[in-house]
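Visitor: Kindly return the folded structure for what I paste below:
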Amino acid sequence: MANRSMNEDIKEKLEKELYLFNNGEHFDSYLTMGCKYENYEGNNGFRFTVWAPNAKSVGLVGDFSDWHMGIEMERIGKTGCWTMFNDQAIEGQCYKYRIEQFDGTVKLKIDPYAFEFEVRPNDASIVKDLPEKKWRDGLWTANKKRFSIYERPLNIYEVHLSSWKHHEDDSWYSIPELQQELIPYVKKMGYTHIEFMPLMEHPLDASWGYQLTGYYALSSKFGTMEDFQNFVEAAHLANIGVLMDWVPGHFNRNDYGMVYFDGTPQFEYKDKHKAENNRWGTMNFDLGKDQVQSFLISNALYWIEQFHLDGLRVDAVSSMLYLDYDIGEWIPNEDGSNHNKVGVEFIQKLNEKVFERHPDTLMIAEESTAWSKVTKPVYMGGLGFNYKWNMGWMNDTLKFFEMDPSSRKHHFNLITFSFMYAFNENFILPFSHDEVVHGKKSLIHKMPGDRYNQFSSLRTLEAYMMVHPGKKLNFMGNDFGQFLEWRIHEGLEWQSLDDEMNAKHLYFMESLNLLYKKERSLWEMDHQTQGIQILDADNAAETILAFIRKGKKPRDFVIVICNFVPNERKGYKVGVPFEGVYEEYLNTEMQEYGGVWTTQQGPLKTTKEMTHQQDYTIELIVPAMSVLILRPKRIFGVPKN
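Guide: Next up is the predicted model:
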């Protein structure tokens, strides 16, 4: 076996890269660290490099050697890193690092930069370098640069990979199988993007992928790196974007992983109160440490660049912003404040570096507090994300819809309050996995009344989300009204589509999604106050909300009327801006969607009467528990510009 020391030229190159790593400025650190295929002095093999600054010694163990003894690795100057070249290692073999820790304890640890791991319950890293992929999604990439995401439709289908669909033997679909079924389904349904819950290596399914051990590895239970690269490429060729949840705040505390890697606080904070995440049973990254910043920012760019992901939904941002977000003891700043200053600075740096390279990427914050300027640029004092989940809107809306309809008029502010802050941030409206698990009930189960009224309410809920300012996200199963909560170990209840009500709801969601994509007024000015004009927001007695959604051109507008109770409103008058004839664009109570209406109203002619501060009026019937969308058919007096 040939295990060679590095010559001076290679050491010098490594030391330059590790200088950047140690100063928090190496944003391609995965090209330096971990396992890398090389030809060294005429020999093919792999170079292994690991950061363990306080280790007494580091050895490499694996299938290519005696697993117990370890091949000694060489310390690289004062970089805190260790390296060696091994020409006996072969791709696909297993390995770990033998760390003689600061106190003399010897532990076998995974490679934090490994690109692949054994299938659970085994946990060794696998010898593998980056695959060489020739991408064919150039047109998709070019189109992203041509059109601002803020002025485009964004309707995300959130997916947990292993529970979307199961085979008859209850095994889940592989990534290649998902490529054949999920992408066509999403395209047919009219969604613009797929968002996967975390796909990185994690040991426990019950964590849903949010407690990671291998940040640079696709979980071996899902497939290979090449599988996922091909999936993203196929999605792009089908004009569908791909996003993934990413967890930079905390990591899995299993002993073989990154926790106290060299026997001292290395990836985690020194302060025990900051290091241990009691809420989730994990360890918090020391976000102020330069090497951790290199590790995490490199990781974000790795998934964006090596897998062509269109963006990351950054999980648990609040836990990085506040010192007291966790349960248990905490120590305030010297000024008594509870802001995690290094966490804020890390988030700002992360977003700046990502957008420097990829200005068209989506960086989405899952942030549940009232922290200001989450989606404002860093130079304006913001955190630098370009989108944030609107958790306030989601909580208020679901609370309102779960009420008995007769009580809703007394709590109408739950619906109207969101318009007071809808443009404070660039929002995504989420009905995510978190809302249909842990006893919270599925969306359809949240709705009061009998089965008919539940579906009527669900159609109203989904249509209301679609017409409200902000981009959209729906979790799998919501689209066909799955009754049972999401269960991680089972596939969705696709068999429920044999029921007419579920099948009609699926058709409704497809129609709604396609209408959204087609109608510019529903997304073109999502983040501008000019994109909406409120008509009737004080009608708590009838529990009706009416407004106009507007695009950039004067003719691009729709009239929206939401009836949040199961009472039909005859002779309802709504103001419209122009004289002429309007038509129904959507009536959620049409029979084809599961309602009782068999024919649309129309044509709807205006009268010269002032209503809702508009010069013209339409009188019509508002169906019980419904959303009506009207569009102009033949109108007069529309400005040309």
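Visitor: Could you check how many residues crowd around residue 436?
Guide: For residue 436, the neighbour count with other Cβ atoms under 10 Å is 22. Heads up, the C-betas are built off the backbone N, CA and C, glycines and all.
Visitor: contacting residues around it?
Guide: 442-443, 475, 477-478, 485-486 (Cβ atoms under 8 Å, 6 or more residues apart in numbering).
Visitor: Quick check: the gap between it and residue 373.
Guide: 31 Å (Cβ to Cβ, to the nearest Å).
Visitor: Could you do residue 320 as well?
Guide: Distance, residue 320 to residue 373, using Cβ to Cβ: 15 Å.
Visitor: the more surrounded of those two?
Guide: Neighbour count, other Cβ under 10 Å: between residue 320 and residue 373, residue 320 has more, with 24 against 15.
Visitor: which residue ranges form the helices in the stretch 451-600 of the chain?
Guide: Ranges of helices within the stretch 451-600 of the chain are 451-467, 500-518, based on DSSP state H, counting those that start in this stretch.
Visitor: Also the chain?
Guide: Listed in chain order, the helices of the chain (DSSP state H) span 8-22, 138-146, 175-189, 225-237, 272-275, 290-306, 317-321, 341-357, 391-402, 413-416, 443-446, 451-467, 500-518.
Visitor: Does the last one pack against any helices or strands, and if so which?
Guide: Pointing back at helix 500-518 there. Counting contacts by 3 or more Cβ pairs under 8 Å, 6 or more residues apart in numbering; DSSP states H and E, helix 500-518 is packed against strand 155-159, helix 175-189, helix 451-467, strand 579-587.
Visitor: Please work out which of these is packed deepest.
Guide: strand 155-159 (a mean of 24; mean count of other Cβ atoms under 10 Å).
Visitor: Could you check the angle that strand makes with helix 500-518?
Guide: 140 degrees (axes from the mean of the first three to the mean of the last three Cα atoms, to 10 degrees).
Visitor: Tell me the predicted confidence for the residue nearest in space to the middle of the chain.
Guide: The centroid of the chain falls nearest to residue 313 when counting by Cα atoms, centre = their mean (3.4 Å). pLDDT for residue 313: 98.
Visitor: And for the one 10 residues further on?
Guide: According to the model's per-residue confidence, residue 323 sits at a pLDDT of 96.
Visitor: Would you map the strands across the stretch 1-150 of the chain?
Guide: Assigned by DSSP state E, counting those that start in this stretch, the strands in the stretch 1-150 of the chain fall at 3-4, 34-40, 43-51, 57-62, 71-72, 74-75, 81-86, 94-100, 106-109, 125-126.
Visitor: Low-confidence bits of the stretch 351-500 of the chain, can you list those?
Guide: Within the stretch 351-500 of the chain, no stretch has pLDDT under 70.
Visitor: just the CA coordinates of stretch 50-69, formatted as CSV?
Guide: C-alpha atoms of stretch 50-69 as CSV (Å, rounded to 0.1, in the frame of the first residue of the first chain):
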residue,chain,number,x,y,z
VAL,A,50,-10.0,16.8,7.2
TRP,A,51,-10.3,19.7,9.7
ALA,A,52,-9.6,18.6,13.3
PRO,A,53,-7.5,21.4,14.8
ASN,A,54,-7.2,20.0,18.4
ALA,A,55,-6.8,16.3,17.6
LYS,A,56,-3.6,14.7,18.8
SER,A,57,-3.4,12.5,15.8
VAL,A,58,-5.7,11.6,12.8
GLY,A,59,-5.6,8.3,10.9
LEU,A,60,-7.6,7.0,8.0
VAL,A,61,-9.3,3.6,8.3
GLY,A,62,-11.4,1.8,5.8
ASP,A,63,-12.0,-1.2,3.5
PHE,A,64,-8.5,-0.5,2.0
SER,A,65,-6.7,-0.9,5.3
ASP,A,66,-7.0,-2.3,8.8
TRP,A,67,-10.2,-0.7,10.2
HIS,A,68,-8.7,-0.6,13.7
MET,A,69,-5.2,0.7,13.3
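Visitor: Could I get the buried residue list for that stretch?
Guide: Going by neighbour count (16 or more other Cβ atoms under 10 Å), the buried part of stretch 50-69 is 50-55, 58-62, 64-65.
Visitor: List just the nearest of those residues to residue 16.
Guide: Using Cβ to Cβ, residue 51 comes nearest to residue 16 of those, at 15.6 Å.
Visitor: Neighbours of the closest residue to that closest one other than its chain neighbours, how many?
Guide: Residue nearest to residue 51 in three dimensions, not counting chain neighbours: residue 81, with 5.0 Å by Cβ to Cβ, 6 or more residues apart in numbering. Using other Cβ under 10 Å, residue 81 has 25 neighbouring residues.
Visitor: try residue 529
Guide: By other Cβ under 10 Å, neighbour count at residue 529 equals 11.
Visitor: That one contacts residue 423, doesn't it?
Guide: Yes - with contact defined as Cβ atoms under 8 Å, residue 529 counts as touching residue 423 (5.4 Å).
Visitor: one step back: report the two of the buried residues of stretch 50-69 separated the most.
Guide: 54 and 64, at 26.9 Å, using Cβ to Cβ across the buried residues of stretch 50-69.
Visitor: coming back round to it: same list, the contacts of residue 436, but as JSON lines with distance to residue 201 and neighbour count please.
Guide: Shown next, in JSON lines, are those (distance: Cβ to Cβ, whole Å; neighbours: other Cβ atoms under 10 Å):
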{"residue": "442", "distance to residue 201": "30", "neighbour count": "21"}
{"residue": "443", "distance to residue 201": "31", "neighbour count": "25"}
{"residue": "475", "distance to residue 201": "23", "neighbour count": "25"}
{"residue": "477", "distance to residue 201": "26", "neighbour count": "26"}
{"residue": "478", "distance to residue 201": "28", "neighbour count": "25"}
{"residue": "485", "distance to residue 201": "26", "neighbour count": "15"}
{"residue": "486", "distance to residue 201": "22", "neighbour count": "22"}
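Visitor: can you redo those residues as CSV with distance to residue 572?
Guide: As requested, the contacts of residue 436 are exported to CSV (distance: Cβ to Cβ, whole Å):
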residue, distance to residue 572
442, 32
443, 27
475, 33
477, 34
478, 29
485, 37
486, 38
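Visitor: which one of those sits closest to residue 205?
Guide: Among the contacts of residue 436, residue 486 lies closest to residue 205 (Cβ to Cβ), at 12.9 Å.
Visitor: Check the spacing between the closest one and residue 613 real quick.
Guide: 44 Å.
Visitor: One more: residue 429?
Guide: 27 Å.
Visitor: what about those two, which has more around it?
Guide: Taking neighbours as other Cβ under 10 Å, residue 429 and residue 613 compare with residue 429 leading, 22 against 10.
Visitor: any idea what sits nearest the more buried one, other than its immediate chain neighbours?
Guide: residue 470 is the one closest to residue 429 (Cβ to Cβ, 6+ apart), at 4.5 Å.
Visitor: Could you report the separation of the one you found from residue 371?
Guide: Taken as Cβ to Cβ, the span from residue 470 to residue 371 is 18 Å.
Visitor: Neighbour count for the two, which is higher?
Guide: Legend: neighbour count by other Cβ under 10 Å for residue 470 and residue 371, higher for residue 470 (25 against 18).
Visitor: which ones are touching the spatially closest residue to residue 24 that is not a sequence neighbour?
Guide: Leaving aside its chain neighbours, residue 24 sits nearest to residue 290 (3.3 Å; criterion: Cβ to Cβ, 6+ apart). Residues near residue 290 by Cβ under 8 Å, 6+ apart: 21-25.
Visitor: go again using 10 Å as the cut-off
Guide: Residues in contact with residue 290 (Cβ atoms under 10 Å, 6 or more residues apart in numbering) are 20-26.
Visitor: among these, which ones are buried?
Guide: 20-22, 24, 26.
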